[in-house]
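Enquirer: quick one: sequence plus predicted model below, questions after.
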Amino acid sequence: MSEAAGTPTDTPIDSLAVLEARGTTAEAFGIPLAVLAELTHRCPLQCPYCSNPLELERARDELTTDEWKRVLGELAGIGVLQIHFSGGEPAVRKDLTELVRHATDVGLYSNLITSAVLLTRGRLRALADAGLCHVQISFQGSDAASADRVAGFRNAHAQKLDVARWVRELDLPLTVNAVMHRQNLHQLPDIIQMAVDLDADRLEIANVQYYGWALKNRAALMPTLAQIEDATRIVEEAQARLKGTLAIDYVVPDYYALRPKKCMGGWGRQFFNISPTGKILPCHAAETITGLHFESMRGNRSIASIWRTSDAFNRYRGTGWMPEPCASCDYREIDFGGCRCQAFALTGNAANTDPACTLSPLHERIFRTAEAEASGEVSRFVYRNFKGGTPEADTHDDA
Ligand code: SF4
Ligand code: FES
């Protein structure tokens, strides 16, 4: 904001406020370059930290092949360059190869985010022939027994290793995705070595983010501060040692950070995803926030129009909606107040400052609860499924 507008000179530069004064901020950001297509919520795995909403969308309501093709064509037409096929497990859809081919035909770079357990060598080759550009495989740990326990699926780890090797045999770039928590952080050095041995290009080490299923399982998943400090040291050493061999991305858990992450790059700024039934969402967990209406591609509006003008996107766009302490904070255009889903999950109001921020009045209380959970006794999971979750059987020996 300029001095001519009568603003005191010590007010931080707020380019978004200027854009908001002129009209919609969406116009300033344009259509995202990459979009996440959640083809289905069905998945053979049952990870207790799944980022899908607790209320999973049913197969009978999913977009048809033709509807997804229409989505892909529309996305390419408005300037999107990359499509991430995700889920649930996208390979549950029998039309996956057809959709990848269509993405190729309309000029989209395609990435498959998969648990891998439904992929055969033949199916993977067909996907590569259809123009698939990149594969990202999620791993639940470095040893079969504990990884299969987290996934709630027997023999998953061994199958993932096979598929990862086939990916490289087909000369497709591979990203290994490892979600970390209290019960697998000790495996981090082995996971890094596993990614090197699999000839992965990239390793994404993401600490669990606590909303949806992960919030339900927070007491079993929350790491201790000592674990996070160890992990950060291990990652930094590996990043230096493996420079040029393996790129390593690392996401610290919010609960142990001073400031929250710039979730989704800021609500409605550079990301949207499409749910299995065609809803256009500002983030993959947005439906955990009640009271927002998310429009569908099945309605009579274009995706571009929903992105620009729908209430769900505009509600938390920019900085104008912010309460204190965000409203007058110098970081407001750096982290955009953190994560709306986390603010809702922990405070019941998505418009509150994300309590991961130390400036939030709720931070101290929430951090203390997390600390207590991290050193607590709970280790059994509630597995993700369409029944609203199933508690892990007693056969697991609580450590
Ligand atoms: Fe970010 Fe708001 Fe915390 Fe400032 S007060 S650092 S804008 S979350
Ligand atoms: Fe939804 Fe952060 S996960 S805004």
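Expert: Good, I have the coordinates. Numbering: from 1, shown residues only. Ligands and ions are numbered 1, 2, ... in the order given.

Enquirer: so is stretch 54-74 next to ligand 2?
Expert: No. Stretch 54-74 is not in contact with ligand 2 by CB under 6 Å from any ligand atom; minimum separation 13.9 Å. Backbone N, C-alpha and C define where each C-beta goes, glycine included.

Enquirer: just the terminal-to-terminal distance for that stretch.
Expert: 29 Å (CA to CA, to the nearest Å).

Enquirer: flag every buried residue along it.
Expert: Leu56, Glu57, Glu62, Leu63, Trp68, Lys69, Arg70, Val71, Leu72, Gly73 (16 or more other CB atoms under 10 Å).

Enquirer: please apply the same query to stretch 219-233.
Expert: Judged by neighbour count using 16+ other CB under 10 Å, the buried positions of stretch 219-233 are Ala219, Ala220, Leu221, Met222, Pro223, Thr224, Gln227, Ile228, Asp230, Ala231.

Enquirer: again with stretch 161-173
Expert: Leu161, Val163, Ala164, Trp166, Val167, Leu170, Leu172.

Enquirer: regarding the fourth one, what is its secondary structure?
Expert: To tie it back to what came earlier, the one meant is Trp166. helix (DSSP: H, G, I helix; E, B strand; the rest coil).

Enquirer: what's the separation between it and ligand 1?
Expert: Distance from Trp166 to ligand 1, counting by CB to the nearest ligand atom, to the nearest Å: 43 Å.

Enquirer: and the gap between that residue and ligand 2?
Expert: Going from Trp166 to ligand 2 by CB to the nearest ligand atom gives 32 Å.

Enquirer: who in the protein is up against ligand 1?
Expert: Counting by CB under 6 Å from any ligand atom, the residues of the chain near ligand 1 are 259-260, 325-326, 329, 331-332, 335, 337-338, 353-354, 357, 359.

Enquirer: just the buried members of the residues you listed?
Expert: By neighbour count, with 16+ other CB under 10 Å, the residues of the chain next to ligand 1 hold 259-260, 326, 329, 331-332, 335, 337-338, 353-354, 357, 359 as buried.

Enquirer: and the residue nearest to Ala247 when sequence neighbours are not counted, what does it touch?
Expert: Residue nearest to Ala247 in three dimensions, not counting chain neighbours: Arg202, with 4.6 Å by CB to CB, 6 or more residues apart in numbering. Arg202 makes contacts with Pro173, Leu174, Thr175, Val176, Leu246, Ala247, Ile248, Asp249, as judged by CB atoms under 8 Å, 6 or more residues apart in numbering.

Enquirer: out of those residues, which is nearest to ligand 1?
Expert: Nearest to ligand 1 out of those is Asp249 (CB to the nearest ligand atom; 21.6 Å).

Enquirer: tell me which other helices or strands the host helix or strand of the closest one touches.
Expert: Asp249 belongs to strand 247-251 when assigned by DSSP states H and E. When contacts are defined as 3 or more CB pairs under 8 Å, 6 or more residues apart in numbering; DSSP states H and E, strand 247-251 sits against strand 202-207, helix 225-241.

Enquirer: picking up where we left off before, which member of the buried residues of stretch 219-233 is positioned nearest ligand 1?
Expert: Nearest to ligand 1 among these, with distances taken as CB to the nearest ligand atom, is Ile228, at 19.6 Å.

Enquirer: neighbours around Val117, how many?
Expert: Val117 has 21 neighbours, counted by other CB atoms under 10 Å.

Enquirer: what sits opposite Val382 in the beta ladder?
Expert: For Val382, the beta-bridge partners are Pro391 (DSSP bridges).

Enquirer: wait, it touches Ala393, no?
Expert: No. Using CB atoms under 8 Å, Val382 is not in contact with Ala393, being 11.7 Å away.

Enquirer: and those two? Which one has more around it.
Expert: Between Val382 and Ala393, counted using other CB under 10 Å, the more crowded position is Val382 (16 against 8).

Enquirer: identify the residues contacting the more buried one.
Expert: Per CB under 8 Å, 6+ apart, neighbours of Val382: Pro48, Trp213, Lys216, Asn217, Gly389, Thr390, Pro391, Glu392.

Enquirer: so where does the nearest residue to Pro260 once chain neighbours are set aside fall, helix or strand?
Expert: Nearest non-adjacent residue to Pro260, counting by CB to CB, 6+ apart: Gly338, 2.9 Å away. Assigned by DSSP H and E, Gly338 belongs to neither a helix nor a strand.

Enquirer: how close does Gly338 get to Asn273?
Expert: Using CB to CB, to the nearest Å, Gly338 is found at 19 Å from Asn273.

Enquirer: swap in Arg380?
Expert: 31 Å.

Enquirer: what do you get for Glu371?
Expert: Counting by CB to CB - Glu371 and Asn273 are separated by 32 Å.

Enquirer: repeat that for Asn207.
Expert: 21 Å.

Enquirer: part of a strand, is Ile137?
Expert: Yes. Counting by three-state DSSP, Ile137 is located in a strand.

Enquirer: now stretch 246-264, how far from the centre of its chain.
Expert: 12 Å (CA atoms, centre = their mean, to the nearest Å).

Enquirer: just to revisit the earlier point, what's across from the residue nearest to Ala247 in the sheet?
Expert: Thr175, Ala247.

Enquirer: mind checking how far it is from ligand 1?
Expert: For Arg202 relative to ligand 1 (CB to the nearest ligand atom), the value is 28 Å.
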